[in-house]
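>>> fold the following and give me the result.
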Amino acid sequence: MDRAFLEDFDKIYKIMCDSFPDTEIRSYEGQKALFEKDAYRVFCTRENGEIVSIAAIWQFDDFTFVEHLATTPNLRGKGIGASILREIIKTSPNIVCLEVEPPENELTRRRIGFYERNGMNLNLYPYIQPSLGEGRDAIPLLIMTSGTKIDTPTYNIIKSTLYKEVYNVIE
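This next block holds a predicted model:
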């Protein structure tokens, strides 16, 4: 996994668009602008020089937030995402967290199971991901964390930091 830079953005954004619903990604310009933020980095895996997976990460003092983890559609199910997630957890200087949809159907339960098999724990605190831009809805999600489940004060730090730094929302 190597660090991606702005010149890789179009390929990165295509993987995001192929992997996530519109409500879970920013506009092209909004996503591209994140490369100017010190806390934001994108790492990628390449095969034959082509980007085949991405991990968009925010590094904060108290935790590491995995905003997007995705593999090109033709390579899903081959263990690339699991390998990347385990590497992030192993190399992170602190707790790793990410957002997931509540376990309301087979797909969301399988996604949570994937994360659990790779070192994450589901926390049942009510959480709403703020809108990622005009015409995009806020989304009810849950927070998963590496290590163990988190307590309420830790959850509040994570939520407050995400709202302020990632979503530009002041509570």
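>>> what's next to stretch 111-126, contact-wise?
Stretch 111-126 is touched from outside by 81-82, 85-86, 89, 96, 98, 100-101, 103, 140, 142-150, 152, 155, 159, with contacts defined as Cβ atoms under 8 Å, 6 or more residues apart in numbering. Yep, even glycine has a C-beta here, placed from its N, CA and C like the rest.
>>> so among those, which ones count as buried?
Buried members of those, scored by 16 or more other Cβ atoms under 10 Å, are 81-82, 85, 89, 96, 98, 100-101, 142-146, 150, 155, 159.
>>> tell me which helix or strand of this protein sits lowest on mean pLDDT?
When the helices and strands of the chain are scored by mean pLDDT, DSSP states H and E, strand 2-4 comes last with a mean of 80.
>>> which ones among the contacts of stretch 111-126 are found in helices?
Applying DSSP state H to those, the entries found in helices are G81, A82, L85, R86, I89, T152, Y155, K159.
>>> in a markdown table: those residues, plus pLDDT and distance to F5.
Converted to a markdown table, the ones in helices among the contacts of stretch 111-126 look like this (pLDDT from 0 to 100; distance: Cβ to Cβ, whole Å):
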| residue | pLDDT | distance to F5 |
| --- | --- | --- |
| G81 | 90 | 22 |
| A82 | 92 | 25 |
| L85 | 95 | 22 |
| R86 | 94 | 24 |
| I89 | 96 | 24 |
| T152 | 97 | 38 |
| Y155 | 98 | 33 |
| K159 | 97 | 30 |
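>>> in CSV: those residues, plus distance to R110.
As requested, those are arranged in CSV below (distance: Cβ to Cβ, whole Å):
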residue, distance to R110
G81, 13
A82, 13
L85, 15
R86, 18
I89, 20
T152, 28
Y155, 24
K159, 25
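>>> between those residues, which is nearest F60?
If you rank these by distance to F60 using Cβ to Cβ, K159 comes first, at 12.2 Å.
>>> which residue is nearest the centroid of the chain?
Residue closest to the mean C-alpha point of the chain, counted by Cα atoms, centre = their mean, is E67 at 2.1 Å.
>>> sec struct for that one, please.
strand (DSSP: H, G, I helix; E, B strand; the rest coil).
>>> where's it relative to S160, distance?
As for E67, its distance to S160 is 16 Å (criterion: Cβ to Cβ, to the nearest Å).
>>> hang on, the earlier thing: what is the nearest of the buried ones among the contacts of stretch 111-126 to D8?
G81 (18.3 Å).
>>> my read: the closest one touches T71, true?
Yes. The criterion here is Cβ atoms under 8 Å, and G81 meets it with T71 at 5.2 Å.
>>> specify the local secondary structure of C44.
C44 ends up strand, using three-state DSSP.
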